[in-house]
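Peer 1: take this sequence and fold it.
(2 chains)
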Amino acid sequence: EPEVTQTPSHQVTQMGQEVILRCVPISNHLYFYWYRQILGQKVEFLVSFYNNEISEKSEIFDDQFSVERPDGSNFTLKIRSTKLEDSAMYFCASRFQTTNEKLFFGSGTQLSVL
Amino acid sequence: RKEVEQDPGPFNVPEGATVAFNCTYSNSASQSFFWYRQDCRKEPKLLMSVYSSGNEDGRFTAQLNRASQYISLLIRDSKLSDSATYLCVVRGSQGNLIFGKGTKLSVKP
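Peer 2: This next block holds a predicted model:
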């Protein structure tokens, strides 16, 4: 089965630093997502991206967050100035086309902000 | 009211038991429903979609009651490998998924 790839698997950073989480979605997929899961909490939607622009974002996705698809393969999530409460597992996901298509998740990046 | 609500458990059952999970959702306009499985510190994985007529996949049966905004998952003849957290998921209007907090299942020998 095709895979969504995320790097790194674990990122440790100091509060206030910028981090970039990287994802390589499945090659023919058109819709891309970031979700996060704080330890012990539910998986939360952050942002969806289609046709090189954000299509929807949650209230969590404030000005500290940005997404980019810099080339034809990578999809990145940037946090400009990390806070302690940004510590979470961040999952990238992609799907091909229609809203009924299966969503494929990457294995996640565990972000630890110290 | 939370968008997707589940009993957090844990459900501790012996091998071979039948176990049922329930879930309610708040948006009556929701159209797509799923059960995902999540192992500890791993990504969610689609277990099955949930259809209005109910559907079955081996030992797993999912039911949807739109009038009550209620979704269920039944696992028969549970295995040790079924131990995981089961996530009730509803698709939002833009295709994003809205997750419940999950119900933890532990199957014991």
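
Peer 1: hey, let's count contacts and neighbours off CA atoms from now on
Peer 2: Will do.

Peer 1: how about the most centrally placed residue in chain A: what's its closest non-neighbour residue?
Peer 2: A centroid search over chain A (C-alpha atoms, centre = their mean) returns residue A:34, at 3.2 Å, as the residue closest to the centre. Of all residues not flanking residue A:34 in the chain, residue A:92 sits nearest, at 4.6 Å (C-alpha to C-alpha, 6 or more residues apart in numbering or on different chains).

Peer 1: I figured the one you found hits residue A:6, correct?
Peer 2: Yes - look at residue A:92 against residue A:6 with C-alpha atoms under 8 Å: they come within range, at 7.2 Å.

Peer 1: can you point out the buried residues in stretch A:30-41?
Peer 2: For stretch A:30-41, the buried set under the neighbour-count rule, 16 or more other C-alpha atoms under 10 Å in any protein chain shown, comprises A:30, A:31, A:32, A:33, A:34, A:35, A:36, A:37, A:38.

Peer 1: could I get the pLDDT score of the residue in chain A that chain B sits nearest to?
Peer 2: Closest contact between chain A and chain B, by C-alpha to the nearest C-alpha, is at residue A:42 (4.3 Å). Here the pLDDT value assigned to residue A:42 is 95.

Peer 1: now do the same contact list for the closest residue to it other than its chain neighbours.
Peer 2: In this structure, residue A:42 finds its nearest non-sequential neighbour in residue B:101, 4.3 Å apart by C-alpha to C-alpha, 6+ apart. Neighbour list for residue B:101: A:41, A:42, A:43, B:4, B:5, B:6, B:8, B:87, B:88 [criterion: C-alpha atoms under 8 Å, 6 or more residues apart in numbering or on different chains].

Peer 1: would you turn those into a markdown table with distance to residue A:96?
Peer 2: Below are the contacts of residue B:101 laid out as a markdown table (distance: C-alpha to C-alpha, whole Å):
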| residue | distance to residue A:96 |
| --- | --- |
| A:41 | 28 |
| A:42 | 25 |
| A:43 | 21 |
| B:4 | 25 |
| B:5 | 28 |
| B:6 | 29 |
| B:8 | 32 |
| B:87 | 22 |
| B:88 | 22 |
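
Peer 1: most neighbours among the residues you listed, which one?
Peer 2: With neighbours set by other C-alpha atoms under 10 Å in any protein chain shown, the maximum within the contacts of residue B:101 is found at residue B:87, which has 30 neighbours.
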